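1. Using only what follows, build the 3D model:
(2 chains)
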Amino acid sequence: MNFIDLNAWLGTWPFRDLRDNDPASLLTRLERAGIQRAAVSQIEAAFQRNVQHTNERLAQSVESYADRLLPIATINPRFPHWEQDLLRCHEDLGFKVVRLFPCYHDYPANDPEAIRVAHLCAERNLPVFLPHRLEDARQRHWMDPGRTLDLAEVADMIAAVPNATIVVTNARGIQGSALWKRQDLRGANWFYDLSLSEVHYKLHTSVSNMRDLAEFIDQGGARHLVFGTHTPFSYPSAARVKTAVLPVDAETLVQICSGRAEKMLGLT
Amino acid sequence: MSIDYDEWLQYPKIDMHCHVWNMATEAEERASTEQLITAGTMLGISEYWCSAPITGGVIADIEDIRIRNDSVLRAVQRYPDRIRGMCFVIPGQYQVALDEVKRCLDAGMIGLKLYNQYKIDDPAVYPVIELAIERRVPILEHAGFIEAREHLDRQPLISNGRHFANLNEHYPEAMLIHAHIGGGGDWEQSIRWMRDTSEHLYCDVSGSNLDDGQVEQAVQDMGAERVLFGTDGTMCGSVGKVIDATLTDEAKRSIFFGNAEAILAAQGTTPLHAAEKVAV
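-> Sure thing, here's the model as predicted:
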C-alpha cells in the first residue's frame, strides 16, 4: 500500500522538544512506518505574523527532497498584502497547498478575509489545510492559546467557497460535529484526516455514539477521509494502525491512503 | 527497519484501562460491551480490565456506586474469557468504600479504580490503599498533570505524578497505576515526578493524546517493567504508540502483556489467555 501523509511538520514547537523534525529525519521516521511521501508545514509559522520568511525557508529546506516532501505555504490573512505571499508561494516557489492557522493567527475560520484566502486558493486549485489543534489543549503551556478549531466555522467557509478543497487535520469527533451535521455540505470537497480520530470504538455514554469513524463511514463519510499522521507531534503508527481496521473496501482504502492526496497535490 | 504491523497487531495485549457502562437497557449494555471486544479483537487485545467510575469529582451515594460496579460484574459474567473487573469506590466514604471493595474483590474483580474525588496521596485514601496492599491488587487512579486553569477547575482534585510519588513514599509496596499518560495534561512533568520511585508504581499509556516520545519517556524515567498498555477508549492510538516507540521488542512485549501478567501473578492469578499470537 502506498501512503501519502497529508499532515506532517518540520521545525520547532516551543513548548516541547520534538524529534525527527528536519527533512531527512522526518523522512526516515515516516519510512519506518511505511509512508513514502508527505505534505509538510513549518511549525514556527503558527507563531509569526509575517510568515513569508518561513515559507521561503521551508521551500529551501525541502528542495533536495522534492520527490518526497511537498511544502505547504502558510498564509496569515491578518497580515497586509498576504495575497502577494500566496502568489509568490504558488507561482515562484511551487507550493501546492496552503495552510491557515485560525487558532494561532487569531481569527475565526469564517472570517471574511479567511474566506477570501479560500476563494483565491480555489481559483488556483490549491487545497486549504486547517489544523483542528496542534497539541492537546489539556496540556497547554501558559503561553499557548490552546484553542481548537470550531468546525461550525469551517462549515461556513466550505459553504462560502463551494469549489474550494478544504482539509481539516488532527481533529476528533467528526461524526457528531457541526460540519457533519451540515447535510448540505456532505457532497462538498472537504476532507478529514486520520491523525486523531478512532475507528471502531470510543468512550461513550450511549450506543449511538460508541463508534467513531466506523459510524462516520456508515453514514457516507468515507469519501471525506484522507491519510495524515501529525508527525512529529504524534506517533505516525497511530494513524497507520487505523488503516488496518478501517471498514472500507480495498479501492476506497487506496483512495484514503494515497489516491485523494495524489489528486490534491497534482501527483497523478 | 520498517515496522511489521501485522506481526504487532497479532501480538496479544492486555488492555488494563478500559470501561463498561451501565446503560439504559440490557440490550444497550450488551451492545456497548460487545463493541469494546469487537474493536479490541481487531488489534490483538485479548483481555480487558474494565471499570465504571463516577467522574467529574462527584461524591455519589454508595447505591449509585454499586450499580456501576454491578454493571462491571455483569460484563465479566458475559465475557469471562475476555473481561476482568476493577472496583470503583470513593475512598472518603471509608467503611462503606472498604465494604464495597471487599464485595467486588470477593466477586472476582482484580483491582481498584479511583477517580478524581480525592487526590491519591490524601490520607482519606489510605484505608483503601492498605486494603489493596493486603489483597495484593493494583489501584488504577485517574491522573494528569493539568495546569491550565480552565481545565484544572473542572477537576481540582485530579492526581498527577507528584501525588503518586508522595504516596509511593508512604506505601512503597502498594501497586499504584498512574492512569493514561496520554489522557491530557503535561505527561513529561507527571512522568518525571515518578522517577526514582519504587518498583510498584506504574503508569499506563492510554489516552487520546498521541504525543510522540511519551512511551519512551515513561520507560526512560520509570523502566519498561513499570509501563502498562491501556487504551481508555483510544484503541488504535494506544496500540500505535507502543508499536511505534523506539524500544526493544522485548520492552514492547512487556508493555503489551508481560507487566500486566506480573501484576496478576502477585495475586496468584494468570492472564485469561497465554501470550501467544492471536487472530485479528
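2. Direction included, what does the helix or strand where residue B:15 lies pair against?
-> Using DSSP states H and E, residue B:15 sits within strand B:13-19. Using DSSP bridges, the strands paired with strand B:13-19 are strand B:45-51 (parallel).
3. would you put the C-alpha positions of the strand it pairs with in PDB?
-> Output in PDB follows, covering the C-alpha atoms of strand B:45-51 (Å, rounded to 0.1, in the frame of the first residue of the first chain):
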ATOM      1  CA  ILE B  45      -6.400  -7.200  22.600                       C
ATOM      2  CA  SER B  46      -7.100 -10.500  24.400                       C
ATOM      3  CA  GLU B  47      -8.100  -9.200  27.900                       C
ATOM      4  CA  TYR B  48      -9.700  -6.100  29.200                       C
ATOM      5  CA  TRP B  49      -9.600  -4.700  32.700                       C
ATOM      6  CA  CYS B  50     -12.800  -2.700  33.000                       C
ATOM      7  CA  SER B  51     -14.300  -0.300  35.500                       C
END
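4. any idea which helix or strand comes after the lowest-mean-pLDDT helix or strand in chain B?
-> When each helix and strand of chain B is scored by mean pLDDT, DSSP states H and E, helix B:149-152 comes last, with a mean of 92. Using DSSP H and E, the helix or strand that follows helix B:149-152 in sequence is helix B:161-170.
5. Residue A:71 and residue A:63 touch, don't they?
-> No: taking contacts as CB atoms under 8 Å, residue A:71 lies outside contact range of residue A:63: 9.1 Å. Every C-beta, even on glycine, is put in place using the N, C-alpha and C of the backbone.
6. Comparing the two, which residue is more hemmed in?
-> residue A:71 (28 against 13; other CB atoms under 10 Å in any protein chain shown).
7. Name the surrounding residues that touch the host helix or strand of the more buried one.
-> If you go by DSSP H and E, residue A:71 is part of strand A:69-74. For strand A:69-74, contacts defined as CB atoms under 8 Å, 6 or more residues apart in numbering or on different chains pick out A:23, A:26-27, A:37-42, A:45-46, A:51, A:54-55, A:58-59, A:62, A:85-86, A:89-90, A:93, A:95-101, A:129, A:265.
8. Only the buried subset of those residues, as a PyMOL command please.
-> To isolate the buried members of the contacts of strand A:69-74 in PyMOL, using 16 or more other CB atoms under 10 Å in any protein chain shown:
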select buried, chain A and resi 23+26+27+37+38+39+40+41+42+45+46+51+54+55+58+59+62+85+86+89+90+95+96+97+98+99+100+101+129+265
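9. Helices - which of the contacts of strand A:69-74 land there?
-> A:23, A:26-27, A:54-55, A:58-59, A:85-86 (DSSP state H).
10. List the contacts of residue B:207.
-> By CB under 8 Å, 6+ apart, the residues touching residue B:207 are B:180-184, B:232, B:234, B:238.
11. And the pLDDT for the nearest residue to residue A:268 once chain neighbours are set aside?
-> Once flanking residues are discounted, residue A:268 sits nearest to residue A:262: 4.7 Å by CB to CB, 6 or more residues apart in numbering or on different chains. Residue A:262 is assigned 98 on the pLDDT scale.
12. what's the neighbour count on residue A:262?
-> Residues near residue A:262, counting by other CB under 10 Å: 15.
13. cool, and residue A:16?
-> 16.
14. What of residue B:270?
-> 9.
15. Show me what from the stretch 51-200 of chain A comes close to chain B.
-> A:135-140, A:142, A:146, A:172, A:195-196, A:198-200 (CB under 8 Å from any CB of the partner chain).
16. what two of the residues you listed are the furthest from one another?
-> Using CB to CB, those reach their maximum pairwise distance at A:142 and A:200, which is 36.8 Å.
17. more neighbours, these two?
-> Taking neighbours as other CB under 10 Å, residue A:142 and residue A:200 compare with residue A:200 leading, 24 against 9.
18. what sits against that one?
-> Counting by CB under 8 Å, 6+ apart, residue A:200 makes contact with A:211-212, A:214, A:245, A:247, B:35, B:38-39, B:42, B:235.
19. Then residue B:101?
-> B:87, B:89, B:112, B:128, B:131-132, B:135.
20. In the chain, mark out all the helices, start to finish.
-> If you meant another chain, say so; for now it's chain A. Going by DSSP H, chain A shows helices at A:23-32, A:52-61, A:82-87, A:102-105, A:112-123, A:151-160, A:178-181, A:213-218, A:236-245, A:250-254, A:260-264.
21. right idea, wrong chain: chain B
-> B:5-10, B:26-41, B:62-78, B:95-106, B:126-135, B:149-152, B:161-170, B:187-193, B:214-222, B:235-244, B:249-253, B:259-266.
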